[in-house]
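> Provided below are the primary sequence and the corresponding predicted coordinates.
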Amino acid sequence: MHARHSLRGAALAAAIVVGAGGFVLHAQRGGAPQPPVHPHTNDVNATSTRLPLAPADQKYAALDGARMKTFVNDITAISRKSHDEGVKYWGRIAGSKADAEMEEYAAKRFREAGLQDVRMQPFDLPPQWFALDWEVTATGGGQTLAFKTAFPSSRSAATPPAGVDLDIVWVGAGTELDYAGRDVKGKAVFITSFPTPSANIHTASTGGAMERAVQKGAAATILNIYIPGNVTNEAGGASGLPSFAIGNDDAAALRKLMEKSPVKLHLKLTTEMRSNLKDSNVWGTLPGATDEEIVIFAHHDGYFESAFDNASGSATVIGLAEYFAKIPQAQRKRTLKFVSTAAHHAGSPGTRWMYDNLSGAMSKTVLVINCEHTAITQQYFQGSDLRRSNAINAERWWVNGSDRLASLVLDAYKTFGVSVLEGMEPGASGDMGPIGRVVPSVQLITSPYYYHSDHDRASDIPEAGLERVARAYAKIVDQVNTLDKAALHGEVPATRSGR
């Protein structure tokens, strides 16, 4: 019996040949080759689920994801143009040429949609930090590495013109225990941080790793946000020090070099503070049957392509403007104002102005909707890969107002398949700012792994996701227009409490 089982096991043994990309090309059982397996592919944008519309909701089909995706492509092209023009610190950076081009684009789209009183509302920005040029190399054991993903942290300290050469010390996650027994004074510290959930919020930033570097006398920081691949991140650094982020592949090469011999790090960073910069809100209006107002906005600045942060939101605003412009004024109970808001990453003066003018220009506002990060393809860690899916990221959600308002908002999300987290956010993050606490307000926002990175690309904005959120917001506007102002506030009106 044992011999028969052994022979049977040998006959069933399979020899597997694996081809490029990890696909099984063919297998053999008992020495007989099997037919090859063809590697199929899945277009994650085309196969994203689209829920059928109920008869009462057929009108929202006019909010077409493919149409809004063209706006995303246009907006991200503005960012890529800045890169192609040789700007290393690139994107629709607040106060930059690309940012101004985005404002003109928003104004053009508003006019083409038929909005009235399309205008720029300029704001003076405080002096803005810009990185001009930089390089990061590591030398050890007769080998020199140059890190193509090295990117300076915002407001990082500049180096002398010739740069600095520093010993580098590995401090793991940068906890107090990681620093124990390591002399980092006058040296560069090398930290690995894990996204929670993104390059903007990660374990080093929430755990105080950067502050410890400063306290212990480090001269610079190198931060690896642990995202598979070789992602270039804009990530927070250590105050007053030259600070850079590098991608996983570059970090792995640096660790390997450090394992073999002592390493010297060469850092060079040129920066400047630019004064007299401006950024603008771009306004457009659709008059309604009354002078009460619903304000729908999205910030237009961002790092790198900034596709989901925030071309997706800007595209949603433009799509909604086009949709409501086709509805006769008499059927729009309230006036709709659409705003492409200024300089979110430089203090949010656009939405702060709204808050400061609630007793004046904004006194007729009954609801604000912030379109921020409205759609992004869900991705999953698997081994050393970050794999795209045809699912759409669940969103964090915020509603300020009555239970009735919250109920109709959540019902609209359910109707159109917008996935949201279980609990409401304790505060309205993003560009909403303090206005979200003093008037009825609605917001969705998501921040996946590659937030503030060069992997925030238009290819990861699903048409179905844009469609779902825009349709939900349109239905929310329609249903809010059946309620009076008191019903939106609820029994306990929001108070002017600030952030």
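Received, thanks. Fair warning: this is a prediction, and the values are worked out from it, not measured in the lab.

> which residue ranges form the helices in the protein?
Listed in chain order, the helices found in the chain under DSSP state H are 2-12, 65-84, 97-113, 176-179, 203-207, 209-215, 248-260, 312-325, 349-356, 403-416, 463-480, 485-489.

> What is the second one packed up against?
What that stands for is helix 65-84. strand 91-92, helix 97-113, helix 312-325, helix 463-480 (3 or more Cβ pairs under 8 Å, 6 or more residues apart in numbering; DSSP states H and E). Where C-beta positions appear, they are placed from N, C-alpha and C, glycine not excepted.

> ok, 10 Å please
Contact analysis of helix 65-84 by 3 or more Cβ pairs under 10 Å, 6 or more residues apart in numbering; DSSP states H and E lists strand 91-92, helix 97-113, strand 302-303, helix 312-325, helix 463-480 as its packing neighbours.

> circling back to that earlier point, can you put the helices of the chain in CSV and add distance to K59 and mean pLDDT?
Formatted as CSV, the helices of the chain follow (distance: least, Cβ to Cβ, whole Å; pLDDT from 0 to 100):
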stretch, distance to K59, mean pLDDT
helix 2-12, 60, 41
helix 65-84, 15, 97
helix 97-113, 17, 98
helix 176-179, 57, 96
helix 203-207, 44, 90
helix 209-215, 51, 94
helix 248-260, 47, 96
helix 312-325, 9, 98
helix 349-356, 29, 96
helix 403-416, 13, 97
helix 463-480, 9, 97
helix 485-489, 23, 93
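
> Need the winner for burial among these.
Comparing those by mean neighbour count (mean count of other Cβ atoms under 10 Å), helix 312-325 comes out on top with a mean of 27.

> tilt between it and helix 97-113?
Put simply, helix 312-325 runs at 20 degrees to helix 97-113, going by axes from the mean of the first three to the mean of the last three Cα atoms, to 10 degrees.

> Next, the angle from helix 312-325 to helix 463-480.
Using the same axes, to 10 degrees, the inter-axis angle of helix 312-325 relative to helix 463-480 is 50 degrees.

> any idea how far helix 312-325 is from the chain center?
Offset of helix 312-325 from its chain centre (Cα atoms, centre = their mean, to the nearest Å): 19 Å.

> Which strands or helices does that helix pack on?
When contacts are defined as 3+ Cβ pairs under 10 Å, 6+ apart, helix 312-325 sits against helix 65-84, helix 97-113, strand 278-286, strand 293-299, strand 335-341, strand 365-371, strand 441-445, helix 463-480.

> out of the ones you listed, nearest to I201?
When the helices and strands packed on helix 312-325 are compared for distance to I201 using Cβ to Cβ, the nearest one is strand 441-445, at 12.2 Å.

> now the closest one: mean pLDDT?
Across strand 441-445, the average pLDDT comes to 96.

> Could you point out the longest strand of this protein?
strand 128-140 (DSSP state E).

> List the pairing partners of that strand within its sheet, with orientation.
Using DSSP bridges, strand 128-140 pairs in its sheet with strand 143-146 (antiparallel), strand 264-274 (antiparallel).

> In CSV, list the ones you listed along with mean pLDDT and distance to R352.
Converted to CSV, the strands paired with strand 128-140 look like this (pLDDT from 0 to 100; distance: least, Cβ to Cβ, whole Å):
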stretch, mean pLDDT, distance to R352
strand 143-146, 97, 41
strand 264-274, 97, 21
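
> Out of those, which one sits most buried?
The highest mean neighbour count among the strands paired with strand 128-140, using mean count of other Cβ under 10 Å, belongs to strand 264-274: a mean of 18.
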